[in-house]
Every structure is written in structure tokens, then in C-alpha cells.
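A.B. asks: generate coordinates for the sequence data below:
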Amino acid sequence: MTEFSRDNEISLQDLWRLLVRHRRPTLIGALAGGALVLAILLVLGRTYTVPLAFVPQATNSSALGGLAAQFGLAVPTQDPSQNPLFYSRLITSEGFLRNLVNSSVKRDGKPVTVASLLGVDETGIEGERAAVRAAREALSVESDMKTGIVRIGVRTSDPQSSLLVAQQTLALIDGFNLGTRRSRATQERAFAEARSRELQAELAVAENRLRAFRERNRDIRFSPEMLLESERLERDVARLQGVYLTVSQAYEQARLDEVHDTPVITIVEVPRAPLAPDPRGALRRAALGMVAGAVVGLALGVFWPVPHSGT
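C.D. replies: Numbers count the residues shown, from 1 in each chain. Okay, the predicted model is just below:
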């Protein structure tokens with residue numbers, strides 16, 4: 001046997017002798033540690049988690065995007081709510097959580113606030129802050145960029161409360177998406193409406209120029225300059241007609257989107273009431289508590305030994 005092995009064997013023997021010599025505080029510490037962990041678990045109570053999942057629906061980019069860029073105007077062409085990572089920040093944002101805790105749902109036919117479902121009955125600014133903190137602890141969000149799925153978990157001490165909070169969270173997300181799309185459609189409609197009036201006037205001017213040119217020049221077959229001018233005027237009219245048609249179609253589409261109320265998220269996992277509480281891992285945690293308690297008891301026995309009374 002090598003010297004290193006003999007040192008290890010001696011160390012293990014010394015440790016065993018130490019445990020035997022201080023077995024009483026070690027045993028008491030282990031029992032106290034396990035009992036403390038179980039007591040904490042009992043005080044905290046059981047929790048119930050309601051999972052839900054959805055996929056943001058992709059919307060067609062507006063035809064006004066490229067058109068507006070040509071005129072140096074900023075019209076949003078991409079909807080940020082199509083990005084799954086967007087929801088991680090949305091749901092944990094202060095504004096969203098404040099709207100959530102202040103919203104009302106019906107429980108047993110009676111309206112209650114989400115704050116009360118989260119166990120916060122205080123009112124005023126401090127009560128709202130406490131409710132927001134409770135909501136942030138209760139909600140968990142995961143976004144999968146590969147599949148585009150957004151998963152949300154709502155955990156409270158009551159299964160019915162978890163279900164109601166999950167349903168209200170989903171409703172607020174859907175409402176936010178509808179509001180964002182309608183706001184975008186309103187901007188597009190306003191731009192298309194204004195640009196349509198401008199194009200009408202520009203098209204009328206171009207058509208009048210072409211008509212006046214043709215009235216002044218009845219026969220232009222033998223004049224290359226007049227042929228080129230006629231073609232230029234015709235191109236102007238055709239270009240304005242094409243742009244006007246595009247803007248008119250975009251205007252009608254924006255008007256429809258402005259009043260559209262179809263959900264823009266696809267529910268993958270519907271929130272349902274949990275059938276069982278969340279696993280607590282009581283045995284594993286109690287075992288870890290006993291190990292920690294045994295270490296503390298052994299340390300107390302070594303460094304603060306209790307003197308024995310003589311006979």
C-alpha cells in the first residue's frame with residue numbers, strides 16, 4: 001500500500017473515530033436538520049402549477065412598408081409580437097404585471113382581482129407593488145426560438161387561483177396583440193388615406209398634361225422628340241396609376257385590420273386546473289437537511305464540547 005493510500009485510510013479512521021466520539025451531537029444535528037426542513041415545507045404548504053403554451057401567428061407584412069420608405073416615411077412593417085423572445089420581456093415587464101394584478105376575474109360567480117388571487121389584499125401603491133412582486137414570482141416564461149412556442153407556468157398555493165391567473169394572463173396577451181395590430185393598422189390607414197388623396201391629385205395633373213399634349217399635337221409620327229415626350233407622359237400616368245392602385249388596396253386592407261378581432265396567437269396547451277400539487281421532493285430535501293445538520297452537530301461537538309460531570 002502506498003503512502004498516499006495509508007494517509008487516506010488513516011484520515012477515514014480518524015473521521016470514523018470522530019463521529020463515534022461525538023455521535024450524540026451529530027445524531028441530534030441530523031435529526032434537527034431533517035425536522036427543520038420538513039417543518040419549513042409544511043409551513044410553506046403545497047403549490048399548484050398551471051402550464052399553458054401558444055405560438056404567435058405570423059402576419060403578412062404590409063405593402064405600405066416599401067412604399068412608405070420610398071417617400072421617407074416610417075410605417076412599421078414588422079410586428080414585434082411575432083418573436084417568441086418578445087413575450088419573455090412582455091410578461092415580466094412592470095406595465096404588464098401591473099395590468100394583470102389590477103384586472104378582475106370571476107371566481108364562483110363573484111368578481112375578484114388577480115392581486116387577491118395571489119394572496120395580496122393590500123390597497124394603494126404599496127399593495128400594488130406587493131401584488132406585482134407576487135405575480136413576478138408566480139409566473140415563469142420560456143421561449144423556444146426553434147419551434148416558436150412560448151410556454152408559461154403559473155404557480156400559486158391554490159389550484160383554482162392558478163387556473164384563473166393563467167387564463168387572465170393569456171387573455172391580456174391576446175388583448176395586447178390585438179391592440180398592437182389595430183394600432184399598426186390605424187397608422188397604415190392614416191398614411192394610405194393621406195397618400196391616396198395626394199396620388200389622386202398627382203394622377204389628375206399627369207392625365208391633364210397627357211391630354212393637353214395630344215390635343216396640341218395631333219400627328220406626332222414624324223417627330224422623334226414629340227414621340228419621346230408622349231411616351232414620357234404616358235409612363236408618368238401609368239406609374240401613378242400603379243402606385244394609386246397599390247395604396248388603395250392597402251387602405252382597404254388596413255381598414256379591415258383596424259376592426260379585426262380574430263386572435264393572433266395559436267393556443268398549443270390550454271390552461272387546465274391541476275389534478276395534483278407540485279412535487280416537493282420532501283425526502284430528498286429532508287436527507288440533505290439531515291446531512292447538513294449532522295455536519296453542524298459534529299462541528300459543535302468538536303469545537304464546543306460539553307464537559308461531563310465527574311462521579
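A.B. asks: C-terminal to the helix or strand containing residue 180, what's the next element?
C.D. replies: Counting by DSSP states H and E, the secondary-structure element that holds residue 180 is helix 159-216. Past helix 159-216, heading to the C-terminal end, the next element that is a helix or strand (DSSP H and E) is helix 224-258.
A.B. asks: other SSEs contacting that next one?
C.D. replies: Helices and strands in packing contact with helix 224-258 are listed as helix 64-70, helix 159-216; criterion 3 or more C-beta pairs under 8 Å, 6 or more residues apart in numbering; DSSP states H and E. To be clear about C-beta, it is placed using only N, CA and C from the backbone, and glycine gets the same treatment.
A.B. asks: show me the longest strand that occurs in the protein.
C.D. replies: In the chain, assigned by DSSP state E, the strand with the most residues is strand 48-56.
A.B. asks: go ahead and name everything in contact with that strand.
C.D. replies: Where contact means C-beta atoms under 8 Å, 6 or more residues apart in numbering, the residues beyond strand 48-56 that reach it are 81-84, 86-87, 147-159, 162-163, 165-166, 169-170, 173, 177, 264-274, 277-278.
A.B. asks: just the buried ones among those, please.
C.D. replies: Of all these considered here, the ones buried according to neighbour count by 16 or more other C-beta atoms under 10 Å are 81, 83-84, 87, 148-156, 158-159, 162-163, 165-166, 169-170, 173, 177, 264-265, 271, 274.
A.B. asks: need the helices and strands packed on helix 224-258 in CSV with distance to residue 102 and mean pLDDT, can you?
C.D. replies: Shown next, in CSV, are these (distance: least, C-beta to C-beta, whole Å; pLDDT from 0 to 100):
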stretch, distance to residue 102, mean pLDDT
helix 64-70, 36, 53
helix 159-216, 11, 85
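A.B. asks: quick one: the ones you listed as a markdown table, columns for distance to residue 103 too.
C.D. replies: Shown next, in a markdown table, are the helices and strands packed on helix 224-258 (distance: least, C-beta to C-beta, whole Å):
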| stretch | distance to residue 103 |
| --- | --- |
| helix 64-70 | 34 |
| helix 159-216 | 6 |
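A.B. asks: for residue 24, find the nearest of the ones you listed.
C.D. replies: When these are ranked by distance to residue 24, counting by C-beta to C-beta, first place goes to helix 159-216 at 44.6 Å.
A.B. asks: I'd say residue 31 and residue 296 touch.
C.D. replies: No. Assessed by C-beta atoms under 8 Å, residue 31 is found out of contact with residue 296, at 11.8 Å.
A.B. asks: and the residue lying closest to residue 113 once chain neighbours are set aside, what are its phi and psi?
C.D. replies: In space, and not counting its chain neighbours, residue 113 is closest to residue 104: 5.5 Å by C-beta to C-beta, 6 or more residues apart in numbering. Recorded main-chain torsions at residue 104 are phi -120, psi 150, according to degrees, to the nearest 10.
A.B. asks: contact partners for residue 104?
C.D. replies: If a contact means C-beta under 8 Å, 6+ apart, then residue 104 has 111, 112, 113, 114 as its contacts.
A.B. asks: A strand includes residue 121, no?
C.D. replies: No. Counting by DSSP: H, G, I helix; E, B strand; the rest coil, residue 121 is not part of a strand but coil.
A.B. asks: got the contact list for it?
C.D. replies: Applying C-beta under 8 Å, 6+ apart, one finds that residue 121 lies in contact with 115, 127.
A.B. asks: then stretch 25-36 to CSV, C-alphas only?
C.D. replies: The C-alpha atoms that make up stretch 25-36 are tabulated as CSV, following Å, rounded to 0.1, in the frame of the first residue of the first chain:
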residue,chain,number,x,y,z
PRO,A,25,-24.4,15.9,18.8
THR,A,26,-24.0,14.5,15.3
LEU,A,27,-27.2,12.5,15.6
ILE,A,28,-29.1,15.4,17.3
GLY,A,29,-28.0,17.7,14.5
ALA,A,30,-29.1,15.3,11.8
LEU,A,31,-32.5,14.8,13.3
ALA,A,32,-32.8,18.6,13.9
GLY,A,33,-31.8,19.4,10.3
GLY,A,34,-34.3,16.9,8.8
ALA,A,35,-37.1,18.1,11.1
LEU,A,36,-36.4,21.7,10.3
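A.B. asks: sorry, back to before: which of the contacts of residue 104 lies closest to residue 247?
C.D. replies: Out of the contacts of residue 104, the member with the shortest distance to residue 247 (by C-beta to C-beta) is residue 114, at 43.9 Å.
A.B. asks: wait, doesn't that closest one sit right on residue 99?
C.D. replies: No. Using C-beta under 8 Å, residue 114 is not in contact with residue 99, being 9.4 Å away.
A.B. asks: from residue 23, how far out is the residue sitting nearest the centre point of the chain?
C.D. replies: For the chain, the residue nearest the mean C-alpha position is residue 87 (2.1 Å; C-alpha atoms, centre = their mean). Counting by C-beta to C-beta, to the nearest Å, the separation of residue 87 from residue 23 is 55 Å.
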